[in-house]
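Asker: need coordinates for the following:
(2 chains)
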There are 2 protein chains.
Amino acid sequence: MSILVLGTVALDSVKTPFGHKKQMLGGSAAHFSMAARLFTKVHLVAIIGKDFPKKYIDFLRGKNLELSSLITDIGKTFRWQGQYQGDLNTAITLSTELGVLSGFKPRISKEQSRISHIFLANVDPDIQRHLLKKMSSPRLVGLDSMNYWINHKRASLVRLLKDVDIYVANDQEARMLSGESNLIKAARACLSFGAKMVLIKKGEHGVLFFNDKLTFSLPAYLAERVVDPTGAGDTFAGGFMGYLAKSKKITPQAIKKALAYGTIAASFNIEDFGLRRTAVLTKEELERRITDFKKRVLF
Amino acid sequence: MSILVLGTVALDSVKTPFGHKKQMLGGSAAHFSMAARLFTKVHLVAIIGKDFPKKYIDFLRGKNLELSSLITDIGKTFRWQGQYQGDLNTAITLSTELGVLSGFKPRISKEQSRISHIFLANVDPDIQRHLLKKMSSPRLVGLDSMNYWINHKRASLVRLLKDVDIYVANDQEARMLSGESNLIKAARACLSFGAKMVLIKKGEHGVLFFNDKLTFSLPAYLAERVVDPTGAGDTFAGGFMGYLAKSKKITPQAIKKALAYGTIAASFNIEDFGLRRTAVLTKEELERRITDFKKRVLF
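Answerer: Numbering: from 1, shown residues only, chains lettered A, B, ... in the order given. Presented below is the predicted three-dimensional model:
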């Protein structure tokens, strides 16, 4: 099954102890796509400005993504500037320029509206809902958000969760949305909002999964060298949704494997700035690290 | 194989959001023993004061522990007062009274000196070395310490690591001893001090294991209700060492299983105050939760 991902395509400037990179190609939809493309055809739904470098368009096209719904508008591309310090666990946002994103109304073709696997990566929940309404036969809908929308559009986000299969959050976001500090209680609260499954990402501490029957936890892949964690969560989601799009049924076993693929995809993302590492990642490399990971986790 | 554990037997007063308990039986050796006793005979080497309640002696004896090296001295039993708030991840020490512990010189019998499996739970590293020197045929030596000794007797502790097979630390201690914030680098530094294996406990985030060949990570068992985490690390060590004492060889597979048994033993410990839960824990309950845990971790 193909995947349709709605999110941002951005120009990221990132400073970490390993260097300072300016206006790299980034954004939630771009990071998601780099992992998901290893499993299936990815349709990217996003907006860019007139300033968006042609080389980045060429790059995305070269990754076999369907770009017909990557629209260009008058104005500037969404820009994010951030910094990481110490153990690189927390991003410090230095500036955000929404640019064309502020007036974004996703447009998709009739064919795209029939895509069954949908990931609503981090953008305004109103835009996420707008897109989801256009979809005629959703079978698996994933949703990511972030603290900004939890603070500013909580009601809209909570309402959206009723139509979502998998809510993907980091621990801080799950706590913030639910008002619960214990992550199991936080997950249960998110389920009570209507999401059928909740996936809590804990960065270097791995991931927790919950539905009404199953709870599941997986450690992260041990990374000695973290260069730039930007987009790790989106890359995780790309690997996770990518694997599920290839699975016939959403069984507990498939979910467990999907979590592992997400974990390993993310472990590559953090090894270099922006999309550098995942842009050249192959399915074979992914499988090889999955095998290694199994040895380090199974008992 | 029997296990000899050196550590503290204490009177703990603990305040958590679930209540306030005074002068409960506690201490590193006591918590360790509650888990290790499910696997093998445990010889407890510790010191108590004249004030130590007889009912606690009877309790320990009832748990089938060998108490001939639990010595009583004139003075007060070691006391610890602590408090946990919020998500109960960090203990706040309110007071520590060393009492008889300050003059402790462990004494063991000739038979005990031949025990091959030894755990040096948290006490002064000079006392740990003193005991280890008495042991004639150590085959597997585990060591735990804490921030106080890392700050005050770092050289003694580092020197001791040369004679240790498994250094057990929490993430904060491993970072403190090594001066490295990345846990893989921290573990490698600890290995370079001479420990053959390093085990880093991350509380609710699980555990990491390192030797020169193998790295291994395991998430914690998801706990919704944490009543009192005091002694969770020692209980972990008891389950871990207990399992290894029953294993013929220290293979990677045995280590993985031992980590799981430690994890599950600790998951019981935190469910109630002090030793309440682990005191009544059976091997069957432990096995049942191991089976459940496998389902939630394997992929």
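
Asker: how about the residues of the stretch 101-250 of chain A by chain B?
Answerer: Contact residues, the stretch 101-250 of chain A versus chain B (Cβ under 8 Å from any Cβ of the partner chain): A:181-182, A:184-185, A:202, A:204-206, A:208, A:214-220, A:222-224, A:226. For every residue, glycine as well, the C-beta is placed using N, CA and C.

Asker: what separation is there between the nearest residue to residue A:33 once chain neighbours are set aside and chain B?
Answerer: Once flanking residues are discounted, residue A:33 sits nearest to residue A:42: 4.8 Å by Cβ to Cβ, 6 or more residues apart in numbering or on different chains. Using Cβ to the nearest Cβ, to the nearest Å, we find residue A:42 at a distance of 24 Å from chain B.

Asker: three-state assignment of the closest residue to residue A:48 other than its chain neighbours?
Answerer: In this structure, residue A:48 finds its nearest non-sequential neighbour in residue A:77, 4.8 Å apart by Cβ to Cβ, 6+ apart. Per DSSP: H, G, I helix; E, B strand; the rest coil, the local secondary structure of residue A:77 is coil.

Asker: let me see the contact set for residue A:77.
Answerer: When contacts are counted by Cβ atoms under 8 Å, 6 or more residues apart in numbering or on different chains, residue A:77 is found next to A:9-11, A:48-49, A:51-52, A:99-100.

Asker: swap in residue A:70?
Answerer: A:9, A:44-48, A:57, A:60.

Asker: nearest the middle, which residue of chain A would you pick?
Answerer: Nearest to the geometric centre of chain A sits residue A:234, at 2.3 Å (Cα atoms, centre = their mean).

Asker: Three-state assignment for that residue, please.
Answerer: Classification of residue A:234 by three-state DSSP places it in helix.

Asker: so the closest residue to it other than its chain neighbours is in which element?
Answerer: By the measure of Cβ to Cβ, 6+ apart, the closest residue to residue A:234 outside its immediate chain neighbours is residue A:31, 3.7 Å from it. Using DSSP states H and E, residue A:31 falls within helix A:28-36.

Asker: list the helices and strands that helix packs on?
Answerer: In terms of contacts (3 or more Cβ pairs under 8 Å, 6 or more residues apart in numbering or on different chains; DSSP states H and E), helix A:28-36 is packed against strand A:3-6, strand A:42-49, helix A:232-246, helix A:252-269, helix A:276-279.

Asker: may I see the buried residues of the fourth one?
Answerer: Buried residues in helix A:252-269, defined by neighbour count with 16 or more other Cβ atoms under 10 Å in any protein chain shown: A:254-269.

Asker: average model confidence for it?
Answerer: The average pLDDT within helix A:252-269 is 95.

Asker: what helices or strands is it leaning on?
Answerer: With contacts taken as 3+ Cβ pairs under 8 Å, 6+ apart, helix A:252-269 sits against helix A:28-36, strand A:207-210, strand A:215-218, helix A:232-246, helix A:276-279, helix A:283-297.

Asker: go through the ones you listed and pick out the most buried.
Answerer: Counting by mean count of other Cβ atoms under 10 Å in any protein chain shown, helix A:28-36 has the highest mean neighbour count of these, with a mean of 31.
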